[in-house]
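In: Sharing a sequence plus its predicted fold:
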Amino acid sequence: MFEIKILEDLSKSGEYSEYNFGKTNDLLWILFLNLETGEEWIGKFDIGIRNKSKIKIFQNNTAIILARGNIYIVNCKIKKVQYIFEYDDYEDIEIDLVNNYIIITDGLYISVHDKNGKFIKKTKRISLDGIEFIEIKNGKVYGRLNDLTFEWCDFKYNIVENEVISKWSFIAKILRIG
């Protein structure tokens, strides 16, 4: 089991073993703590073009890392990146521990991937440009989407049915269909 946190203060450089998983100098630094052994190490990951970073622990030794748009699946125990998602423009991540799914959004769609990153399905476009996940509960993702207001609109996404329920519809409002 691991405890993982994003480092805001880079003064820790040199205090821990460091693993550079990036190819550039624009890096997100993350501190990994193995709760069983007490070992600590820093992983450095290339960042994408978004502002948000987030970490989700998946199946004890695996972390899903959103590094300002880039997404990595990391085996924390062996200190290895298992998979890097293709684009650098992802907006949010969540995990569904019941079905072993990784849930991703680029701000327009929601996509579902297996625990290894393999694509399973995605929704139709549901937002003008902005989706935020709040929680996953009972196979459903709850969040907010950009509906052209400052408040945004709540939505519920049924993962199994691939169905989004919301008061606002991108297709009806923007494309004038339906």
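Out: Nice, I can see it.
In: tell me the pLDDT at the closest residue to Leu97 other than its chain neighbours?
Out: Among residues not flanking Leu97 along the chain, Phe58 sits closest, at 7.5 Å (CB to CB, 6 or more residues apart in numbering). Every C-beta, even on glycine, is put in place using the N, C-alpha and C of the backbone. In this model, Phe58 is scored at 86, pLDDT.
In: Provide a list of residues in contact with Phe58.
Out: For Phe58, the contact set (CB atoms under 8 Å, 6 or more residues apart in numbering) comprises 64, 73, 95, 97, 102, 115.
In: again, only using 7 Å
Out: By CB atoms under 7 Å, 6 or more residues apart in numbering, Phe58 lies in contact with 64, 95, 115.
In: Look at Tyr90 and tell me its secondary structure.
Out: Here Tyr90 is recorded as coil under DSSP: H, G, I helix; E, B strand; the rest coil.
In: can you list the domains in the protein?
Out: Using automatic domain parsing, the domain ranges for the chain come out as 1-87, 91-178.
In: ok but Gly22 is inside a helix, no?
Out: No. Under three-state DSSP, Gly22 sits outside any helix and is assigned coil.
In: Considering only helices and strands, which part of this protein has the lowest mean pLDDT?
Out: Across the helices and strands of the chain, mean pLDDT, DSSP states H and E gives its lowest value to helix 170-173, namely a mean of 71.
In: re the thing from before, can you flag the buried ones in the contacts of Phe58?
Out: Neighbour counting with 16 or more other CB atoms under 10 Å marks 64, 95, 115 as buried within those.
In: Next, give phi and psi for the residue nearest to Leu97.
Out: Dihedral pair for Phe58: phi -130, psi 120, per degrees, to the nearest 10.
In: Could you report the distance from it to Phe32?
Out: 14 Å (CB to CB, to the nearest Å).
In: got it, and Ser13?
Out: Distance of Ser13 to Phe32, computed by CB to CB: 15 Å.
In: cool, and Leu10?
Out: For Leu10, the distance to Phe32 equals 16 Å [CB to CB].
In: Same check on Ala67?
Out: 14 Å.
In: more neighbours, those two?
Out: Neighbour count, other CB atoms under 10 Å: between Ala67 and Phe32, Ala67 has more, with 29 against 22.
In: List phi and psi for the residue nearest to Ile49 when sequence neighbours are not counted.
Out: In space, and not counting its chain neighbours, Ile49 is closest to Gly69: 4.9 Å by CB to CB, 6+ apart. With angles defined as degrees, to the nearest 10, Gly69 sits at phi 120, psi -30.
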